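Enquirer: What follows is a predicted protein model with its sequence.
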Amino acid sequence: GYQRRVHGQIAEARIQSTVCGPESFTPDHKPLVGPSPEVRGFYLCCGFNSAGIMLSGGVAEQLTEWILDGSPSLDVYGYDINRFHPDLTDRSDWIDSRSLEAYAKNYATVFPNDQPLAGRNLRVDPMHADMVQAGCFFQERHGYERPGYFLQSSQAEKVDTAPRPFDYYGYHGHEAHTDYLYKDLLAGELTFGWPRSHAQVAAEVSACRNAVAVFNMSYFGKFLLEGKDAKAAVDWLCTADAGNKPEGSCTYTQMLNSRGRIECDLTVTRLAADSATGNPRFYVAAGGSSASHDFQHILSVLEAEKFDCTLTDVSAEFGMLSVQGPNSRALLNELSDADLTNETFPFSTAQYITVAGHSMLALRLTFVGELGWELHIPKDACRDVYAALMEKGAPYGVANAGYYAIDTLSSEKGYKHWHEDVTRADTPLEAGMAWVCKLKSDVQFLGRAALEVQQKAGLKRRLACFTLTNPVPLSGLEVLYRDGTPVGHLCRVAFGHSLGQSIAYSYVRHPEGGKVDLAYLRAGSYEIEVAGEMHPATYEAKTLFDASNARVKGDYSSLSSQAFVVNAPALEQPEVSVPELALTTVTAAAATAAAQH
């Protein structure tokens, strides 16, 4: 009866009026929501791309929480205005072309590795031309062209892999590009199966695990925090005890909101105090994709707490090359007189050193689980340093490597990616990151009260790692089952080339709302649904690769002269026109050099 009444009312309803007018569209087809980066206290809620009726209720709820409580209860970073860098939002040509492309692709299949073709090459580092010459396939992140992976060929310098000016796909009076290598390479990535780059990424992983890899990470955000209250600000902002460590200390930390949710995931290095004033100084390095968000979060806290200090974005002043692998120390010794031994330059410390005749800040850190250094290089010296690393690194098996390789290497180590396995919806306790929280000290920090409440009550969700023995391509958001019942979805996925296994991370919930502890995780039998098929999964309680961190400490005593095996499943590759490409190989001689150094 109810259905008949409703259907009858709909059938009798008449169209009272129609409205035909302009609609607002954004460069990524998502709304603009949240606090303005230009004016404190001013909030945006616009740009709904004809989806306002569908999104209005949820967005209004989250925006209300944002205004009243200082942060939303859900992860709405995808809608946050700070997802765009100011260099982009100041350019109408970028906004116009990217908005048109996003609109045109509104109903297109969303592939995991898809890239825009509009608005490219707007933010590039000083080594961009060198990356093109090396056969780099670029990913666009935050408007920045960062290396995804590298083609390897004797004719690499003759191959133009860079994105071209947007051709509007041949419409709107534009002529479509022909012989467009970047677009052809991108076609090989548009799949839910194994992408064309899969075997090449395995080779880059092999170079890092066996010899030495150079990662161009220049798109990282780099901030200088200094002033009278800089230490007090670091104490309040950081979950880890970065403020009380000596000069030259590097601290991996997270920053939270008042709910105890993770706003930032970054490193803080204590520099020498200002020579004139004696005020403390800190150098903050943040992932490039979230750099604008991280800067605004820090700045908003400084202003809210009235800390007497300044935050300066120096990202454009420095490039960043991360030199990682068993041969990283030996390679740097060829170019620097600095003492890079464990005793003089231990892990999680920083020093100013000279490399290839140029002074720079070197941080002994890793995001791939190997011995290595991050070189923060003045922009005018970047090309010289990169060229020297590649020239002197040849006997050590040096190879370029990109973010595809970083994704698999870091997944094998369990290192976190902000906005993948740690987001605004997650707390450090849920993410297994209590070790970066100074909860055992008496130092207060933003979000501590919320963590203490959660710690006492127990966790209702917990991040867990799973492996699939049979190689299965994963895309993210697949459903995780425990004993036949859905308990979560995959938030981060990768293929572990060093392990020969697919890796998945998911926040596991109790189906009845109960507590989730380690015993609960261990007791379950797990499956992951991939494209309608169930695949057995194994819960992994320990770090998958080098759980003792021996390699991070520079201990390769167990590394044999035979190259560490990496795995790439047999693939059915899509046909892509690429001239004379050959995969990188790591020779036994390079592996022997790793064992010797």
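Expert: Perfect, thanks for sending it.

Enquirer: Helix, strand or coil: sort out Phe295 for me.
Expert: The three-state label given to Phe295 by DSSP: H, G, I helix; E, B strand; the rest coil is helix.

Enquirer: dump the residue contacts of it.
Expert: Applying Cβ atoms under 8 Å, 6 or more residues apart in numbering to Phe295 gives the contacts Gly221, Phe223, Ala286, Leu311, Asp313. The way it works is simple: take the backbone N, C-alpha and C, and place the C-beta from them, glycine included.

Enquirer: What is the nearest of those residues to Tyr520?
Expert: Ala286 (33.9 Å; Cβ to Cβ).

Enquirer: Next up, phi/psi of that closest one, please.
Expert: phi -130, psi 150 (degrees, to the nearest 10).

Enquirer: just to revisit the earlier point, weed out the non-buried ones from the contacts of Phe295.
Expert: With neighbours counted by 16 or more other Cβ atoms under 10 Å, the contacts of Phe295 contain buried members at Gly221, Phe223, Ala286, Leu311, Asp313.

Enquirer: Looking at strand pairing, list the partners for the last one.
Expert: Just to be clear, that refers to Asp313. For Asp313, the beta-bridge partners are Phe223 (DSSP bridges).

Enquirer: ok, it to Gly458 distance?
Expert: Using Cβ to Cβ, to the nearest Å, Asp313 is found at 40 Å from Gly458.

Enquirer: Then the first one?
Expert: Distance from Gly221 to Gly458, counting by Cβ to Cβ: 35 Å.

Enquirer: returning to that earlier point: take the buried ones among the contacts of Phe295 and write them to JSON lines, including distance to Thr253 and pLDDT.
Expert: Listed next are these as JSON lines, based on distance: Cβ to Cβ, whole Å; pLDDT from 0 to 100:
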{"residue": "Gly221", "distance to Thr253": "15", "pLDDT": "98"}
{"residue": "Phe223", "distance to Thr253": "13", "pLDDT": "98"}
{"residue": "Ala286", "distance to Thr253": "11", "pLDDT": "98"}
{"residue": "Leu311", "distance to Thr253": "16", "pLDDT": "98"}
{"residue": "Asp313", "distance to Thr253": "19", "pLDDT": "98"}
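
Enquirer: and of the residues you listed, the nearest to Val422?
Expert: Distance to Val422, by Cβ to Cβ, is smallest for Ala286 among those, at 13.2 Å.

Enquirer: My guess is the closest one contacts Gly221. True?
Expert: Yes: proximity of Ala286 to Gly221 meets the contact threshold set by Cβ atoms under 8 Å, at 4.0 Å.

Enquirer: residues near Ala434, how many?
Expert: 15 (other Cβ atoms under 10 Å).

Enquirer: where along the stretch 251-400 of the chain do the strands fall?
Expert: Ranges of strands within the stretch 251-400 of the chain are 262-271, 281-286, 310-313, 318-324, 350-355, 358-363, 372-378, 398-401, based on DSSP state E, counting those that start in this stretch.

Enquirer: actually the stretch 1-150 of the chain, sorry about that
Expert: Taking DSSP E, counting those that start in this stretch as the criterion, the stretch 1-150 of the chain carries its strands at 32-35, 43-46, 136-141, 144-150.

Enquirer: Spell out which helix or strand contains Gly554, please.
Expert: Using DSSP states H and E, Gly554 is not contained in any helix or strand.

Enquirer: Return the residues in contact with it.
Expert: Applying Cβ under 8 Å, 6+ apart, we find Gly554 in contact with Arg329, Asn342, Leu371.

Enquirer: so where is the stretch 101-250 of the chain shaky, pLDDT-wise?
Expert: Counting by pLDDT under 70, the stretch 101-250 of the chain has low-confidence residues at 153-158.

Enquirer: related to what we said a few turns ago, pick the most buried one from the strands of the stretch 1-150 of the chain.
Expert: Greatest average neighbour count among the strands of the stretch 1-150 of the chain goes to strand 144-150 (a mean of 25), per mean count of other Cβ atoms under 10 Å.

Enquirer: In terms of secondary structure, what does the longest helix seen in the chain contact?
Expert: Using DSSP state H, we find that the single longest helix of the chain is helix 52-69. Contacts defined by 3 or more Cβ pairs under 8 Å, 6 or more residues apart in numbering; DSSP states H and E place helix 52-69 against strand 32-35, strand 43-46.

Enquirer: so which of the ones you listed gets nearest Pro473?
Expert: Comparison of the helices and strands packed on helix 52-69 against Pro473 by Cβ to Cβ identifies strand 32-35 as nearest, at 32.9 Å.

Enquirer: Show me what that closest one packs onto, helices and strands only.
Expert: strand 43-46, helix 52-69.

Enquirer: The ones you listed: which one's closest to Arg492?
Expert: The minimum distance between Arg492 and the helices and strands packed on strand 32-35 falls on helix 52-69, with 23.1 Å, by Cβ to Cβ.

Enquirer: Would you mark the buried spots in the closest one?
Expert: So, applying 16+ other Cβ under 10 Å, buried residues of helix 52-69: Leu55, Val59, Gln62, Leu63, Glu65, Trp66.

Enquirer: wait, which of the buried ones among the contacts of Phe295 is closest to Tyr77?
Expert: Nearest member of the buried ones among the contacts of Phe295 to Tyr77, counting by Cβ to Cβ, is Ala286, at 13.9 Å.

Enquirer: Next one: that closest one relative to Phe220, how far apart?
Expert: Ala286 sits 7 Å away from Phe220, going by Cβ to Cβ.

Enquirer: Beyond the helix or strand hosting Leu185, next helix or strand please.
Expert: Using DSSP H and E, Leu185 sits within helix 181-187. Later in the chain than helix 181-187, the nearest helix or strand by DSSP H and E is helix 198-210.

Enquirer: helix or strand right after that following helix?
Expert: Using DSSP H and E, the first helix or strand after helix 198-210 is strand 212-216.
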